[in-house]
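Enquirer: how would this look folded up:
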Amino acid sequence: MLLAPISASAAVRIATGDPALTYLKARAAAMDGDHGEAAALLAGLAESQPSQPDLARKALMEAINAGQMDLALQLAQRMPAAQLPSEAKLMLAARELRNGRDDRALAWLNSANVKGGLDFLAPLVKAWAAADGGDLPGALSTLAALPANSLLAPLADEQKAFILLKFRRTTEAGPVAERAAAAAGAREARLRLAFADGFLAAGDQANAIVIVQGLGTGTAPAVQQIRGGQRNGSVIDNGAKAFSETLIAFAMEVARLQHAVPPLGLVQAARYSDPRNSNATILLAQVLEAAGNTQPALAALRAIPDSDPLAPRARDFEVRILASHKRYADAYGVAAPLASRSGATVADFTRLGDVYSAMDRQSDAAAAYGWAVALARAQGVKDELWPLLLVQAGALEEAHRWPEARTAVQQALAIAPEQPLLLNFLGYTELVHGENLDAAEAMIRKASALAPNDASITDSLGWAQFKRGKVADAIATLQSAAEKDPEQADIQEHLGDALFSNGDHLEARFAWNAALVTAEDDVATRVKAKIVSGLTPGNAAP
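Expert: Numbering: from 1, shown residues only. Sure thing, here's the model as predicted:
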């Protein structure tokens, strides 16, 4: 459904004889996230009722949202340009860029009556038109002329770096690419891989390795590939690819500012501009899964081949989706073969550990994380070790293998002694096991000082105070933790226990009821018992 085009004539056959009922079915399909069905039904209505231009516009938007660009193009060509939504004009501009017709792309971006305006993208197209025509000075001067308040200004460095790499000016590109990657936020991994491919295409293996190593973790396979002279295929070296990456940057920024998922139409336009942009496909899966469309999300992720540089991210997301829906056998079916293949990576073993952990097979999870630790050590990747040792310690603790868990986290602290997550883990678990109470509280206090806004660490400090008999201090600290993260069940349970011990039984039950909103399994059972009968030694939080 997601990728197969549906013609307008086929859509007519889908429509029923009752236009009102067909419209209702289309709107229901759209609300359910079945944009392909909605597009087909609305396109049929639009063709049978040409006097209703709003139907064609709605059909066009649903076709774009469904990624059915053939149908979207058919619908767009039948509408006056002034009535086209901005997503459609982006799609039409992308089509022209893919066909090397930069002037026509500019015409769509500069056309009037576009809500919000798209002409701010024109310098991007002009710069790449110059670059594709062999005019490096013209391309760079176009980018340099961007006003400081332009929406494109934050992306100027990355575009400049890609254009310099296109012309094999790797020495000049190096610092610009590093600056752009460091400022890219969630797109950093994608950009570093694309820059590395550009450096390698330009014959500069050394800078390709340097830019990839800037990620800090999980870089060994990419470095090995570069040293073998293998391209990863993610270079951005023409206007269509640059347009795609720019749309993804805007989609992610909109999501960040609005605390929501990226706009679906923008993501689909980016994918159309560069179908090989796997970052766009992963983003599409995120949008689909957030809307409850799990199967299309999984289908999108599975379309990313193992050879793609972002394939590990796609497989991680696929496994997380499956595990979140308790489809553990399917998640294992993805993770296990990757971890058992020749040349399995740290990411492969870690992913398998995550699946075992979700299945509550904690000893198996600890073993998988242990394989990841061993491989990271063999590869000399120090920065990856402490997080791996921490998740291994967590699995060992859940498997009731506390001495081994303590050893693992102590090894991690030897690598990163100021890491608050490690200090908090060791301090809290020692507190739970009744060991080294003074040192445990001191470690948690240090962790809290290093990460004062971390609700979980603040919760640990409050629980340490409670365990040491400082009930009033504990209540204040736990209330602070609950304000930072009111949805975390452990915090609300701890707060309820402290309040009940202080005689505040009504407030305690309020906190316990808040814990029940997100509590699962044994925690929920324990909290329900407290709500009914109050706090007892048998139902107290550990």
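Enquirer: Residue 503: neighbouring residues, count only.
Expert: By the criterion of other CB atoms under 10 Å, residue 503 has 9 neighbours. In this view, the C-beta of every residue, glycine as well, is placed from N, C-alpha and C.
Enquirer: So it: helix, strand or coil?
Expert: coil (DSSP: H, G, I helix; E, B strand; the rest coil).
Enquirer: distance of it from residue 476?
Expert: According to CB to CB, to the nearest Å, residue 503 stands 16 Å off from residue 476.
Enquirer: By residue count, what's the longest helix in this protein?
Expert: Scanning the chain for the longest helix, with DSSP state H as the assignment, gives helix 239-258.
Enquirer: Now do that helix: which elements does it pack against?
Expert: Taking 3 or more CB pairs under 8 Å, 6 or more residues apart in numbering; DSSP states H and E as contact, the helices and strands that helix 239-258 lies on are helix 86-98, helix 102-110, helix 122-132, helix 156-166, helix 264-273, helix 278-290.
Enquirer: Can you check what angle separates that helix from helix 156-166?
Expert: Per axes from the mean of the first three to the mean of the last three CA atoms, to 10 degrees, the angle that helix 239-258 makes with helix 156-166 is 160 degrees.
Enquirer: Now helix 239-258: average pLDDT?
Expert: For helix 239-258, mean pLDDT rounds to 94.
Enquirer: Kindly report the same for stretch 27-40.
Expert: Mean pLDDT, stretch 27-40: 80.
Enquirer: What are the buried residues along that stretch?
Expert: Across stretch 27-40, burial judged by 16 or more other CB atoms under 10 Å covers 29-30, 33-40.
Enquirer: Can you measure across that stretch, start residue to end residue?
Expert: 11 Å (CA to CA, to the nearest Å).
Enquirer: Now the two most distant members of the buried residues of stretch 27-40.
Expert: Greatest spatial distance among the buried residues of stretch 27-40 (CB to CB): 33 and 40, at 14.6 Å.
Enquirer: Skip the chain neighbours and tell me the closest residue to residue 366.
Expert: residue 395 (3.9 Å; CB to CB, 6 or more residues apart in numbering).
Enquirer: ugh, wrong one, residue 147
Expert: residue 153 (7.0 Å).
Enquirer: that older thread, what's the closest of the buried residues of stretch 27-40 to residue 368?
Expert: residue 33 (34.1 Å).
Enquirer: secondary structure class for that closest one?
Expert: Following three-state DSSP, we place residue 33 in the coil state.
Enquirer: for it, what are its contacts?
Expert: By CB atoms under 8 Å, 6 or more residues apart in numbering, residue 33 lies in contact with 288, 291-293, 296.
Enquirer: how close does it sit to residue 293?
Expert: Taken as CB to CB, the span from residue 33 to residue 293 is 4 Å.
Enquirer: Can you read off the backbone torsions of residue 134?
Expert: With angles defined as degrees, to the nearest 10, residue 134 sits at phi 90, psi 10.
Enquirer: Which strand or helix spans residue 492?
Expert: helix 489-501 (DSSP states H and E).
Enquirer: I'd like the distance from that helix to the chain centre, please.
Expert: Distance, stretch centre to chain centre, for helix 489-501: 32 Å (CA atoms, centre = their mean, to the nearest Å).
Enquirer: Beyond it, next helix or strand please.
Expert: Using DSSP H and E, the next helix or strand after helix 489-501 towards the C-terminus is helix 505-516.
Enquirer: In terms of pLDDT, where does residue 50 sit?
Expert: Here the pLDDT value assigned to residue 50 is 73.
Enquirer: no, scratch that, I was asking about residue 104
Expert: Reported pLDDT for residue 104: 95.
Enquirer: ditto for residue 343
Expert: 86.
Enquirer: May I ask which helix or strand encompasses the nearest residue to residue 88 once chain neighbours are set aside?
Expert: What sits nearest to residue 88 in space, not counting adjacent residues and going by CB to CB, 6+ apart, is residue 76, at 5.0 Å. Using DSSP H and E, residue 76 maps to helix 69-77.
Enquirer: Only the buried residues of that helix, if you could.
Expert: 69, 71-76.
Enquirer: Residue 513: which of those is nearest?
Expert: Distances from residue 513 to these, taken as CB to CB, are shortest for residue 72 (48.6 Å).
Enquirer: ok so, going back, out of the buried residues of helix 69-77, which one sits closest to residue 435?
Expert: Of those, the one sitting nearest to residue 435 (CB to CB) turns out to be residue 69, at 61.7 Å.
Enquirer: Verify the stated contact: the closest one with residue 88.
Expert: No. Residue 69 lies out of contact with residue 88 (CB atoms under 8 Å); the separation is 10.3 Å.
Enquirer: how far away is the closest residue in space to residue 496 that isn't next to it in sequence from residue 392?
Expert: The spatially closest residue to residue 496, leaving aside those adjacent along the chain, is residue 511, at 3.6 Å (CB to CB, 6+ apart). For residue 511, the distance to residue 392 (CB to CB) stands at 33 Å.
Enquirer: These two - which one has more neighbours?
Expert: Neighbour count, other CB under 10 Å: between residue 511 and residue 392, residue 392 has more, with 28 against 24.
Enquirer: What count of nearby residues applies to residue 41?
Expert: Using other CB under 10 Å, residue 41 has 29 neighbouring residues.
Enquirer: now the helix or strand hosting it against helix 264-273, angle please.
Expert: Assigning secondary structure by DSSP H and E places residue 41 in helix 35-48. Relative orientation of helix 35-48 versus helix 264-273 (the same axes, to 10 degrees): 90 degrees.
Enquirer: so what does helix 35-48 touch, helix or strand wise?
Expert: The contact analysis (3+ CB pairs under 8 Å, 6+ apart) places helix 35-48 against helix 8-14, helix 19-31, helix 53-66, helix 69-77.
Enquirer: Quick one: closest of those to residue 354.
Expert: Closest to residue 354 of the helices and strands packed on helix 35-48, according to CB to CB: helix 53-66, at 31.1 Å.
Enquirer: Other residues contacting the closest one?
Expert: So helix 53-66 is contacted by 1-2, 6, 11, 23, 26, 30, 35-36, 38-39, 42-43, 45-46, 49, 69, 71-72, 75-76, 78-79, 83-85, 87-88, 91, 264-265, 268-269 (CB under 8 Å, 6+ apart).
Enquirer: run the last query once more with 7 Å
Expert: By CB atoms under 7 Å, 6 or more residues apart in numbering, the residues outside helix 53-66 that reach it are 2, 30, 35-36, 38-39, 42-43, 45-46, 49, 71-72, 75-76, 78-79, 83, 85, 87-88, 91, 264-265, 268-269.
Enquirer: how distant is stretch 481-495 from the center of its chain?
Expert: So, by CA atoms, centre = their mean, the centroid of stretch 481-495 is 25 Å from its chain's centroid.
Enquirer: where does this protein dip in pLDDT?
Expert: The model of the chain has pLDDT under 70 over residues 1-17, 51, 111-116, 217.
Enquirer: and with 80 instead?
Expert: By pLDDT under 80, the weakly predicted segments of the chain are 1-20, 22-23, 29-30, 32-33, 36, 39, 43-53, 111-117, 216-221, 381-383.
Enquirer: any idea which residue of it is furthest from its center?
Expert: Here the chain reaches farthest from its C-alpha mean at residue 503, the gap being 44.4 Å by CA atoms, centre = their mean.
Enquirer: Residue 331: neighbour count?
Expert: Counted with other CB under 10 Å, residues neighbouring residue 331 total 25.
Enquirer: what about it, which helix or strand?
Expert: Take DSSP H and E as the rule and residue 331 turns out to sit in helix 328-340.
Enquirer: For the helix or strand just after that helix, which outside residues touch it?
Expert: Using DSSP H and E, the helix or strand that follows helix 328-340 towards the C-terminus is helix 346-358. Residues outside helix 346-358 that contact it (CB under 7 Å, 6+ apart) are 218, 312, 315-316, 319, 323, 328, 331-332, 335-336, 338-339, 364-365, 368-369, 371-372, 375-376, 384, 388, 391, 395.
Enquirer: cool, and stretch 412-426?
Expert: Taking CB under 7 Å, 6+ apart as the rule, stretch 412-426 contacts 382, 385-386, 389-390, 393, 409, 443-444, 446-447, 450-451, 454, 457, 460.
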